[in-house]
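S.K.: Fold the following for me, if possible:
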Amino acid sequence: MTAKEAPMLDAEPQQNEGRSREESGKNAEISETEQLFSHTILLARAAELGAEAAASSRESGWRGDWLVLLQALCSLTARQAAAGEPTPLFTAERLREEIASILGAPDAQWWSDDSDSVRKKFANAWKVLENDFHRLDGHLRGRAMMNRVAGQIVLNAPARLGTTNAMGYGLSVRPIELPAAQPTVEQPSAAAEANRSGTAPLEIIYQEEMEVYPIPGLKRPLKLSLPGWRALILVAPIIGALVTGGFLAWLLLTLWMSNEAPRVLFQWTILTCVVAGMIAWICHPFYVLINDRIVRAPTLLEATLPLGHVLVLRREGENRVLRMVRFTAKCPICDGDITIEKGRRGQRGRLVGECGRNPVEHTFSFDFITGKGRQL
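M.R.: The predicted structure is shown next:
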(Lines give C-alpha, C1' and ligand atoms only; values in the text may rest on other atoms or scores of the structure.)
Protein backbone atom coordinates (compact mmCIF):
# COMPACT_ATOMS: atom_id res chain seq x y z
CA MET A 1 0.00 0.00 0.00
CA THR A 2 1.45 3.35 -1.00
CA ALA A 3 1.47 6.50 1.03
CA LYS A 4 -1.07 8.06 -1.34
CA GLU A 5 -3.49 5.18 -0.77
CA ALA A 6 -3.06 5.35 2.98
CA PRO A 7 -2.32 8.97 3.93
CA MET A 8 -3.10 8.50 7.60
CA LEU A 9 -0.22 6.08 8.00
CA ASP A 10 2.20 8.61 6.61
CA ALA A 11 0.98 11.53 8.81
CA GLU A 12 3.18 12.78 11.61
CA PRO A 13 1.75 12.54 15.15
CA GLN A 14 0.61 15.82 16.78
CA GLN A 15 2.96 16.30 19.71
CA ASN A 16 1.07 19.24 21.34
CA GLU A 17 -2.53 18.05 20.89
CA GLY A 18 -3.02 17.32 24.58
CA ARG A 19 -1.30 20.55 25.56
CA SER A 20 -3.56 22.71 23.34
CA ARG A 21 -6.67 21.17 24.87
CA GLU A 22 -5.34 21.78 28.35
CA GLU A 23 -4.47 25.38 27.51
CA SER A 24 -7.91 26.00 25.98
CA GLY A 25 -9.53 24.73 29.16
CA LYS A 26 -7.35 27.00 31.26
CA ASN A 27 -8.14 29.99 29.02
CA ALA A 28 -11.87 29.36 29.36
CA GLU A 29 -11.52 29.12 33.13
CA ILE A 30 -9.43 32.29 33.26
CA SER A 31 -11.99 34.10 31.07
CA GLU A 32 -14.87 33.14 33.39
CA THR A 33 -12.83 34.21 36.41
CA GLU A 34 -12.00 37.55 34.84
CA GLN A 35 -15.65 38.15 33.96
CA LEU A 36 -16.74 37.35 37.51
CA PHE A 37 -14.05 39.63 38.90
CA SER A 38 -15.05 42.47 36.55
CA HIS A 39 -18.70 42.01 37.47
CA THR A 40 -17.87 42.14 41.18
CA ILE A 41 -15.79 45.31 40.80
CA LEU A 42 -18.56 46.90 38.72
CA LEU A 43 -21.09 46.03 41.42
CA ALA A 44 -18.86 47.59 44.08
CA ARG A 45 -18.46 50.84 42.13
CA ALA A 46 -22.15 51.07 41.23
CA ALA A 47 -23.13 50.42 44.85
CA GLU A 48 -20.79 53.19 46.01
CA LEU A 49 -22.53 55.60 43.65
CA GLY A 50 -25.90 54.37 44.94
CA ALA A 51 -24.86 55.13 48.52
CA GLU A 52 -23.70 58.60 47.44
CA ALA A 53 -26.99 59.24 45.63
CA ALA A 54 -29.07 58.22 48.66
CA ALA A 55 -26.93 60.28 51.04
CA SER A 56 -27.05 63.29 48.71
CA SER A 57 -30.84 63.07 48.48
CA ARG A 58 -31.13 62.98 52.26
CA GLU A 59 -28.80 65.96 52.63
CA SER A 60 -30.86 67.89 50.08
CA GLY A 61 -33.92 67.65 52.28
CA TRP A 62 -35.63 64.48 51.09
CA ARG A 63 -37.18 62.45 53.86
CA GLY A 64 -38.15 58.80 54.10
CA ASP A 65 -36.91 55.62 55.75
CA TRP A 66 -36.46 54.04 52.34
CA LEU A 67 -33.61 56.42 51.48
CA VAL A 68 -31.53 55.54 54.54
CA LEU A 69 -32.35 51.86 53.93
CA LEU A 70 -31.03 52.18 50.38
CA GLN A 71 -27.93 53.94 51.65
CA ALA A 72 -27.27 51.15 54.14
CA LEU A 73 -27.84 48.43 51.53
CA CYS A 74 -25.54 50.13 49.02
CA SER A 75 -22.80 50.69 51.62
CA LEU A 76 -22.82 47.05 52.72
CA THR A 77 -22.93 45.82 49.13
CA ALA A 78 -20.00 48.02 48.13
CA ARG A 79 -17.84 46.73 50.98
CA GLN A 80 -18.70 43.07 50.41
CA ALA A 81 -18.27 43.30 46.64
CA ALA A 82 -14.92 45.05 47.07
CA ALA A 83 -13.88 42.12 49.29
CA GLY A 84 -14.65 39.69 46.45
CA GLU A 85 -18.25 38.61 47.11
CA PRO A 86 -20.08 38.61 43.74
CA THR A 87 -23.66 38.32 45.10
CA PRO A 88 -23.80 39.72 48.64
CA LEU A 89 -27.03 39.29 50.60
CA PHE A 90 -27.87 40.75 54.00
CA THR A 91 -30.45 40.00 56.62
CA ALA A 92 -32.86 42.57 57.99
CA GLU A 93 -30.95 42.58 61.29
CA ARG A 94 -27.67 43.43 59.54
CA LEU A 95 -29.31 46.22 57.55
CA ARG A 96 -30.89 47.69 60.68
CA GLU A 97 -27.47 47.73 62.36
CA GLU A 98 -26.02 49.60 59.38
CA ILE A 99 -28.90 52.09 59.41
CA ALA A 100 -28.35 52.72 63.12
CA SER A 101 -24.65 53.40 62.49
CA ILE A 102 -25.52 55.83 59.68
CA LEU A 103 -28.13 57.78 61.64
CA GLY A 104 -26.34 57.81 64.98
CA ALA A 105 -27.95 58.90 68.24
CA PRO A 106 -30.76 59.54 68.97
CA ASP A 107 -32.43 58.18 65.80
CA ALA A 108 -30.49 54.92 66.01
CA GLN A 109 -32.72 53.65 68.79
CA TRP A 110 -35.63 53.34 66.35
CA TRP A 111 -33.66 50.77 64.32
CA SER A 112 -31.37 48.96 66.73
CA ASP A 113 -34.18 47.36 68.77
CA ASP A 114 -35.55 43.92 67.81
CA SER A 115 -39.17 44.62 68.67
CA ASP A 116 -42.18 44.03 66.46
CA SER A 117 -42.54 47.75 65.79
CA VAL A 118 -38.96 47.95 64.48
CA ARG A 119 -39.47 44.92 62.23
CA LYS A 120 -42.66 46.46 60.91
CA LYS A 121 -40.83 49.74 60.34
CA PHE A 122 -38.21 47.89 58.28
CA ALA A 123 -40.85 46.01 56.27
CA ASN A 124 -42.66 49.25 55.44
CA ALA A 125 -39.41 50.94 54.44
CA TRP A 126 -38.52 48.06 52.11
CA LYS A 127 -41.97 48.17 50.51
CA VAL A 128 -41.63 51.90 49.82
CA LEU A 129 -38.11 51.30 48.47
CA GLU A 130 -39.45 48.74 45.99
CA ASN A 131 -42.15 51.19 44.84
CA ASP A 132 -40.02 54.35 44.65
CA PHE A 133 -36.61 53.03 43.62
CA HIS A 134 -37.29 53.99 39.98
CA ARG A 135 -37.44 57.65 41.00
CA LEU A 136 -33.67 57.63 41.45
CA ASP A 137 -33.00 56.24 37.97
CA GLY A 138 -31.96 59.58 36.49
CA HIS A 139 -29.82 60.45 39.51
CA LEU A 140 -28.02 57.10 39.45
CA ARG A 141 -27.47 57.24 35.70
CA GLY A 142 -26.11 60.78 35.95
CA ARG A 143 -23.60 59.79 38.63
CA ALA A 144 -22.55 56.75 36.58
CA MET A 145 -21.98 58.92 33.51
CA MET A 146 -20.02 61.50 35.47
CA ASN A 147 -17.77 58.89 37.14
CA ARG A 148 -17.46 56.73 33.98
CA VAL A 149 -18.94 53.64 35.67
CA ALA A 150 -20.57 51.39 33.08
CA GLY A 151 -23.15 49.93 35.47
CA GLN A 152 -26.22 50.88 37.49
CA ILE A 153 -27.59 49.11 40.57
CA VAL A 154 -30.82 47.15 40.42
CA LEU A 155 -32.92 46.21 43.44
CA ASN A 156 -33.30 42.44 43.81
CA ALA A 157 -36.36 40.72 45.22
CA PRO A 158 -35.80 39.26 48.73
CA ALA A 159 -34.68 35.60 48.73
CA ARG A 160 -34.43 33.01 51.47
CA LEU A 161 -30.99 32.34 52.89
CA GLY A 162 -30.38 28.61 52.60
CA THR A 163 -32.78 26.45 54.57
CA THR A 164 -33.57 29.14 57.15
CA ASN A 165 -36.59 31.38 57.25
CA ALA A 166 -34.40 34.50 57.15
CA MET A 167 -34.72 36.65 54.05
CA GLY A 168 -31.71 38.03 52.22
CA TYR A 169 -31.76 41.50 50.68
CA GLY A 170 -29.32 42.52 47.99
CA LEU A 171 -28.50 44.41 44.83
CA SER A 172 -27.31 43.49 41.37
CA VAL A 173 -25.82 45.58 38.59
CA ARG A 174 -26.88 46.03 35.01
CA PRO A 175 -24.51 47.39 32.38
CA ILE A 176 -25.20 50.77 30.78
CA GLU A 177 -23.67 52.34 27.72
CA LEU A 178 -21.40 55.28 28.43
CA PRO A 179 -21.07 58.11 25.91
CA ALA A 180 -17.74 58.57 24.21
CA ALA A 181 -15.38 60.74 26.21
CA GLN A 182 -15.14 64.20 24.69
CA PRO A 183 -11.77 65.99 24.66
CA THR A 184 -11.71 69.02 26.92
CA VAL A 185 -11.31 72.24 24.92
CA GLU A 186 -10.82 75.46 26.81
CA GLN A 187 -13.11 78.21 25.55
CA PRO A 188 -11.48 81.49 24.48
CA SER A 189 -13.54 83.52 26.97
CA ALA A 190 -12.51 81.21 29.79
CA ALA A 191 -8.87 81.47 28.77
CA ALA A 192 -9.05 85.27 28.66
CA GLU A 193 -10.70 85.40 32.07
CA ALA A 194 -8.06 83.08 33.49
CA ASN A 195 -5.30 85.31 32.10
CA ARG A 196 -6.85 88.43 33.64
CA SER A 197 -7.47 86.96 37.08
CA GLY A 198 -4.55 84.57 37.22
CA THR A 199 -6.82 81.63 38.13
CA ALA A 200 -9.20 79.58 36.03
CA PRO A 201 -12.94 79.94 36.86
CA LEU A 202 -14.33 77.11 38.96
CA GLU A 203 -16.57 74.56 37.29
CA ILE A 204 -19.26 72.33 38.79
CA ILE A 205 -21.38 69.42 37.59
CA TYR A 206 -25.07 69.35 38.49
CA GLN A 207 -26.84 66.17 39.51
CA GLU A 208 -30.46 65.52 38.59
CA GLU A 209 -32.28 64.26 41.65
CA MET A 210 -35.24 61.91 41.95
CA GLU A 211 -38.62 62.29 40.31
CA VAL A 212 -40.98 64.25 42.53
CA TYR A 213 -44.63 63.93 43.44
CA PRO A 214 -45.73 67.61 43.53
CA ILE A 215 -49.42 66.92 44.24
CA PRO A 216 -49.93 65.76 47.86
CA GLY A 217 -51.64 62.40 48.12
CA LEU A 218 -51.06 61.57 44.44
CA LYS A 219 -48.01 59.35 43.95
CA ARG A 220 -47.39 60.35 40.35
CA PRO A 221 -44.50 62.46 39.07
CA LEU A 222 -45.06 65.56 36.96
CA LYS A 223 -44.18 64.07 33.58
CA LEU A 224 -46.15 65.02 30.47
CA SER A 225 -45.38 63.64 27.03
CA LEU A 226 -46.18 66.29 24.41
CA PRO A 227 -46.12 64.71 20.94
CA GLY A 228 -47.93 66.50 18.12
CA TRP A 229 -51.11 68.31 19.15
CA ARG A 230 -50.48 67.76 22.86
CA ALA A 231 -47.97 70.61 22.71
CA LEU A 232 -51.04 72.89 22.67
CA ILE A 233 -51.29 72.21 26.41
CA LEU A 234 -48.51 74.76 26.90
CA VAL A 235 -50.01 77.28 24.48
CA ALA A 236 -53.61 77.00 25.74
CA PRO A 237 -53.06 79.10 28.94
CA ILE A 238 -51.48 81.90 26.90
CA ILE A 239 -54.32 81.87 24.38
CA GLY A 240 -56.84 81.89 27.22
CA ALA A 241 -55.03 84.80 28.85
CA LEU A 242 -55.10 86.81 25.62
CA VAL A 243 -58.82 86.17 25.16
CA THR A 244 -59.55 87.08 28.78
CA GLY A 245 -57.37 90.17 28.54
CA GLY A 246 -59.22 91.30 25.42
CA PHE A 247 -62.57 90.83 27.15
CA LEU A 248 -61.42 92.80 30.20
CA ALA A 249 -60.15 95.62 27.99
CA TRP A 250 -63.46 95.76 26.13
CA LEU A 251 -65.38 95.74 29.42
CA LEU A 252 -63.25 98.51 30.87
CA LEU A 253 -63.56 100.63 27.71
CA THR A 254 -67.35 100.19 27.74
CA LEU A 255 -67.54 101.33 31.35
CA TRP A 256 -65.40 104.39 30.73
CA MET A 257 -67.63 105.40 27.82
CA SER A 258 -70.78 105.01 29.93
CA ASN A 259 -72.34 107.50 32.34
CA GLU A 260 -71.34 105.63 35.47
CA ALA A 261 -70.17 107.57 38.52
CA PRO A 262 -66.40 108.14 38.86
CA ARG A 263 -66.37 106.02 42.00
CA VAL A 264 -67.82 103.03 40.15
CA LEU A 265 -65.38 103.51 37.27
CA PHE A 266 -62.46 103.63 39.69
CA GLN A 267 -63.55 100.43 41.46
CA TRP A 268 -64.01 98.52 38.22
CA THR A 269 -60.67 99.77 36.90
CA ILE A 270 -58.82 98.56 40.02
CA LEU A 271 -60.63 95.20 39.93
CA THR A 272 -59.83 94.73 36.22
CA CYS A 273 -56.14 95.53 36.78
CA VAL A 274 -55.94 93.05 39.68
CA VAL A 275 -57.55 90.28 37.64
CA ALA A 276 -55.31 91.01 34.64
CA GLY A 277 -52.23 90.98 36.87
CA MET A 278 -53.17 87.61 38.36
CA ILE A 279 -53.74 86.13 34.90
CA ALA A 280 -50.38 87.45 33.69
CA TRP A 281 -48.64 86.05 36.79
CA ILE A 282 -50.15 82.61 36.20
CA CYS A 283 -49.39 82.50 32.47
CA HIS A 284 -45.90 84.02 32.54
CA PRO A 285 -44.15 80.67 33.43
CA PHE A 286 -45.77 79.03 30.37
CA TYR A 287 -44.47 81.82 28.14
CA VAL A 288 -40.95 81.51 29.55
CA LEU A 289 -41.07 77.71 29.28
CA ILE A 290 -41.99 77.85 25.58
CA ASN A 291 -39.20 80.33 24.80
CA ASP A 292 -36.40 79.12 27.11
CA ARG A 293 -37.37 75.41 27.44
CA ILE A 294 -36.88 75.77 31.22
CA VAL A 295 -38.44 77.81 34.01
CA ARG A 296 -38.33 77.92 37.79
CA ALA A 297 -41.14 75.75 39.20
CA PRO A 298 -43.98 77.66 40.89
CA THR A 299 -43.79 77.67 44.67
CA LEU A 300 -47.26 76.15 44.81
CA LEU A 301 -45.87 72.90 43.37
CA GLU A 302 -43.09 72.89 45.97
CA ALA A 303 -45.38 73.18 48.99
CA THR A 304 -44.37 69.75 50.33
CA LEU A 305 -40.97 69.49 48.61
CA PRO A 306 -37.49 70.94 49.02
CA LEU A 307 -37.08 74.18 47.10
CA GLY A 308 -35.10 74.56 43.89
CA HIS A 309 -37.16 72.62 41.30
CA VAL A 310 -37.48 73.56 37.64
CA LEU A 311 -39.92 72.73 34.86
CA VAL A 312 -37.89 71.57 31.86
CA LEU A 313 -39.06 70.80 28.34
CA ARG A 314 -36.66 68.40 26.61
CA ARG A 315 -36.52 65.58 24.10
CA GLU A 316 -36.47 62.01 25.36
CA GLY A 317 -36.26 59.68 22.40
CA GLU A 318 -38.78 60.79 19.81
CA ASN A 319 -41.07 62.74 22.18
CA ARG A 320 -40.92 66.09 23.89
CA VAL A 321 -41.43 65.63 27.61
CA LEU A 322 -42.27 68.16 30.31
CA ARG A 323 -40.72 67.21 33.66
CA MET A 324 -40.40 68.72 37.09
CA VAL A 325 -36.89 67.97 38.34
CA ARG A 326 -34.34 69.32 40.78
CA PHE A 327 -30.65 69.92 40.00
CA THR A 328 -28.12 70.23 42.81
CA ALA A 329 -24.36 70.43 43.17
CA LYS A 330 -21.67 70.97 45.79
CA CYS A 331 -20.06 74.38 46.03
CA PRO A 332 -16.31 74.02 45.29
CA ILE A 333 -15.58 77.08 47.44
CA CYS A 334 -17.34 76.34 50.75
CA ASP A 335 -18.84 72.84 50.19
CA GLY A 336 -22.36 74.22 50.50
CA ASP A 337 -25.41 72.97 48.61
CA ILE A 338 -26.08 74.64 45.26
CA THR A 339 -29.67 74.82 43.98
CA ILE A 340 -31.24 76.48 40.94
CA GLU A 341 -32.75 79.92 41.49
CA LYS A 342 -33.71 82.95 39.44
CA GLY A 343 -30.76 85.20 38.69
CA ARG A 344 -30.39 88.47 40.55
CA ARG A 345 -28.78 91.80 39.69
CA GLY A 346 -26.69 91.27 36.56
CA GLN A 347 -28.04 87.75 36.05
CA ARG A 348 -31.71 88.68 35.74
CA GLY A 349 -33.63 86.75 33.10
CA ARG A 350 -31.69 83.50 33.55
CA LEU A 351 -31.48 80.60 35.97
CA VAL A 352 -28.28 80.23 37.98
CA GLY A 353 -26.92 77.96 40.66
CA GLU A 354 -26.74 79.66 44.05
CA CYS A 355 -24.89 78.36 47.09
CA GLY A 356 -27.00 78.09 50.21
CA ARG A 357 -24.19 79.52 52.36
CA ASN A 358 -23.34 82.53 50.20
CA PRO A 359 -25.92 83.03 47.43
CA VAL A 360 -24.48 86.41 46.43
CA GLU A 361 -20.82 85.61 45.80
CA HIS A 362 -20.94 81.84 45.16
CA THR A 363 -22.99 81.90 41.95
CA PHE A 364 -22.61 79.58 38.97
CA SER A 365 -24.08 79.32 35.50
CA PHE A 366 -26.49 76.50 34.72
CA ASP A 367 -26.71 74.52 31.48
CA PHE A 368 -29.50 71.96 31.86
CA ILE A 369 -28.44 70.17 28.65
CA THR A 370 -24.85 69.41 29.65
CA GLY A 371 -25.45 69.57 33.41
CA LYS A 372 -22.42 71.82 33.89
CA GLY A 373 -21.82 75.27 35.34
CA ARG A 374 -19.08 77.85 35.66
CA GLN A 375 -18.49 80.44 38.36
CA LEU A 376 -20.00 83.81 37.49
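
S.K.: how about the helices in the chain?
M.R.: 7-10, 17-59, 65-82, 92-103, 109-112, 116-132, 137-147, 188-197, 232-256, 262-292 (DSSP state H).

S.K.: Make sure P332 is actually in contact with I204.
M.R.: Yes: under the criterion of Cβ atoms under 8 Å, P332 makes contact with I204 at 6.2 Å. From N, CA and C alone the C-beta is placed, and that goes for glycine too.

S.K.: Between these two, which is the more surrounded one?
M.R.: I204 (21 against 15; other Cβ atoms under 10 Å).

S.K.: Quick one: residues contacting the more buried one.
M.R.: The contact partners of I204, by Cβ atoms under 8 Å, 6 or more residues apart in numbering, come to 329-332, 338, 353, 364, 372-374.

S.K.: Please apply the same query to F286.
M.R.: Contacts of F286 by Cβ under 8 Å, 6+ apart are 234-235, 237-238.

S.K.: what's the nearest residue to it if we skip its chain neighbours?
M.R.: With Cβ to Cβ, 6 or more residues apart in numbering as the criterion, F286 has its nearest non-adjacent residue at 4.9 Å, and that residue is P237.

S.K.: Now do the one you found against E316, distance only.
M.R.: P237 sits 23 Å away from E316, going by Cβ to Cβ, to the nearest Å.

S.K.: Equivalent analysis for S225, please.
M.R.: Taken as Cβ to Cβ, the span from S225 to E316 is 8 Å.

S.K.: now Q347
M.R.: Counting by Cβ to Cβ, the gap from Q347 to E316 is 29 Å.

S.K.: and what of T164?
M.R.: T164 is 45 Å from E316, by Cβ to Cβ.

S.K.: G170: neighbouring residues, count only.
M.R.: Considering only other Cβ under 10 Å, G170 is surrounded by 20 other residues.

S.K.: for it, what are its contacts?
M.R.: Contacts of G170 by Cβ under 8 Å, 6+ apart are 73, 77, 87-90, 156, 159.

S.K.: Pull out the buried members of the residues you listed.
M.R.: Among the contacts of G170, those buried by neighbour count (16 or more other Cβ atoms under 10 Å) are 73, 77, 87-90.

S.K.: what's the domain layout of this structure?
M.R.: 29-175, 188-374 (automatic domain parsing).

S.K.: next one: the last one to chain centre, how far?
M.R.: Spelled out, it's domain 188-374. 19 Å (Cα atoms, centre = their mean, to the nearest Å).

S.K.: average pLDDT for that domain?
M.R.: Across domain 188-374, the average pLDDT comes to 79.

S.K.: Of Q347 and E316, give the one with the bigger neighbour count.
M.R.: Q347 (15 against 10).

S.K.: what's the nearest residue to G349 if we skip its chain neighbours?
M.R.: G343 (6.7 Å).
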